[in-house]
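Enquirer: make a model of this:
(one chain, ligands or ions: 1)
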Amino acid sequence: MANRTYISDADTARRLAGLGNSPAREDLVYFLASRDATVTDALYREADRARRQWVGDEIHLRAIIEFSNHCRRDCRYCGIRRGFPGVTRYRMTVSEVIDAAAAAVAMGYRTVVLQSGEDGWFTGDRICRMVEGIKGLGDIAVTLAVGERPAAEYRAFFDAGADRYLLKHETADPELYAGLNPGMTLEARVDCLRELKAIGFQTGSGIMIGLPGQTLESLADDILLFRELDLDMIGCGPYIPVAGCPTGWSAADREELSFRVLALNRLVTRDTHLPSTTALSTLNENDARALALTRGANVIMPNLTPERFRRFYEIYPSKKRIEVDNLAFRTELEALAARLGRGISLGRGDRPGWPVRSEVDKQYGERPI
Ligand code: SAH
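Expert: Model (predicted):
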């Protein structure tokens, strides 16, 4: 194969070639662990080639609105967890969220991601009203990231018009998961993901990389779980240590591993949307975005939370540092895309081949749940 001649090492080439069809855990660990630059270079170049083949050159932008930092959970790694001291709590009203979405739409965005802590004030009905209000603005894809909810509420969100749902499984190691997320289980999390898929959402998961106690083997399991769940979006970023939680891996390791997981995700899951995450840009403000976009990523999620609330959604330290003016950031992304010879897409950015909404609705009644 002419386009693989740059891979000098036959063993690496054989392992790379197997990732798309039948990824072996051992091969994933090999790429996660290798200290050899020829191996990682080959991995990144192959991931970039696969990105072009499966999802093309467009960089999709999704506007994210963080509408509440109230949370009933106490996840040990999170800066807006219930018990984290000193957090100024805020909650946008339903109409403020719709107005913020309208401002994003006015800037040309066609996908809006609504994220919050697990905030009981936002009942199923309130979230449905928010979704309906935004769907009323035009052909806008609405993504929800509001945590674990009963299946009936997920269905109501879908019926209200929500298109996508993000719920990261955080780590596929059940013990690590249970230790970091008091009162929660990996099993319940994965059940939610299966439920969301069955309902008809384009479904996204993700993990944090470099958590204290996380192993390369468990990261390989994360990638295999992404494949098994046949996800439509996968967001993986480095863990950014929060005060009071063990620091875990070094920053350099967390950054390097995040790129490797990203590239492996591209090769293993092929046409999934993979963002260059804000957490990665927090570790490496200058270069991470360009590197991620050439190592498998094809999505960026600019933060369109109204400025008066933005600084309070600090799930990890220094997150706010990289958040800049909406228009300036757009200009910066356009310049970056041009530099990489890629284009910006402001379309809905559905997963390639995803049925149009009406087709999903037609099948919906027949779905076995
Ligand atoms: N409550 C919602 C949204 C959670 S915040 C939900 O459960 O889906 C979104 C994501 O931020 C989390 O899923 C987690 O992966 C990430 N996150 C939280 N704390 C972090 C930290 N300290 N470093 C890096 N990422 C973090």
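Enquirer: which stretches of the stretch 251-369 of the chain form helices?
Expert: Assigned by DSSP state H, counting those that start in this stretch, the helices in the stretch 251-369 of the chain fall at 251-269, 278-283, 288-293, 307-310, 326-339, 357-364.
Enquirer: ok, which residues in this structure are in contact with the ligand?
Expert: By the rule CB under 6 Å from any ligand atom, the part of the chain lying against the ligand is 77-78, 115, 117-118, 145, 147, 167-168, 170, 206, 208, 237, 239-240, 242, 279, 315-316. In short, each C-beta sits where N, CA and C put it, glycine included.
Enquirer: and the buried ones among these, selectable in PyMOL?
Expert: Buried residues within the residues of the chain next to the ligand, by 16 or more other CB atoms under 10 Å, are selected in PyMOL with:
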select buried, resi 77+78+115+117+118+145+147+167+168+170+206+208+237+239+240+242+279+315+316
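Enquirer: look up how far residue 45 lies from residue 94.
Expert: Residue 94 sits 47 Å away from residue 45, going by CB to CB, to the nearest Å.
Enquirer: kindly report the same for residue 194.
Expert: 34 Å.
Enquirer: when the two are compared, which one has more neighbours?
Expert: More neighbours surround residue 45 than the other of residue 194 and residue 45, with 18 against 12 (other CB atoms under 10 Å).
Enquirer: hmm, residue 197 and residue 151 touching each other?
Expert: No. With contact defined as CB atoms under 8 Å, residue 151 does not reach residue 197; the gap is 12.0 Å.
Enquirer: so for those two, which sits in the more crowded spot?
Expert: Using other CB under 10 Å as the criterion, residue 151 and residue 197 rank with residue 197 on top: 17 against 14.
Enquirer: dump the residue contacts of that one.
Expert: By CB atoms under 8 Å, 6 or more residues apart in numbering, residue 197 lies in contact with 203, 229, 230.
Enquirer: in the stretch 1-150 of the chain, which spans are strands?
Expert: 59-61, 63-68, 111-116, 141-145 (DSSP state E, counting those that start in this stretch).
Enquirer: can you tell me which of those is nearest to residue 335?
Expert: With CB to CB as the criterion, residue 335 lies closest to strand 59-61 of these, at 11.9 Å.
Enquirer: report all helices and strands that that closest one contacts.
Expert: With contacts taken as 3 or more CB pairs under 8 Å, 6 or more residues apart in numbering; DSSP states H and E, strand 59-61 sits against strand 299-300, helix 326-339, strand 344-345.
Enquirer: who wins on neighbours among the contacts of residue 197?
Expert: residue 203 (25 neighbours).
Enquirer: isn't that residue right up against residue 196?
Expert: Yes. The criterion here is CB under 8 Å, and residue 203 meets it with residue 196 at 4.6 Å.
Enquirer: what's the spatially most central residue of the chain in contact with, if anything?
Expert: The centroid of the chain falls nearest to residue 235 when counting by CA atoms, centre = their mean (2.4 Å). By CB under 8 Å, 6+ apart, the residues touching residue 235 are 166, 168, 204, 205, 206, 274, 275, 277.
Enquirer: so what's the residue count around residue 11?
Expert: 11.
Enquirer: next one: residue 67
Expert: 27.
Enquirer: tell me the bridge partners for the residue nearest to residue 233 when sequence neighbours are not counted.
Expert: With sequence-adjacent residues excluded and distances taken as CB to CB, 6 or more residues apart in numbering, residue 233 is closest to residue 204, at 3.1 Å. Taking DSSP bridges as the rule, residue 204 bridges to residue 166, residue 233.
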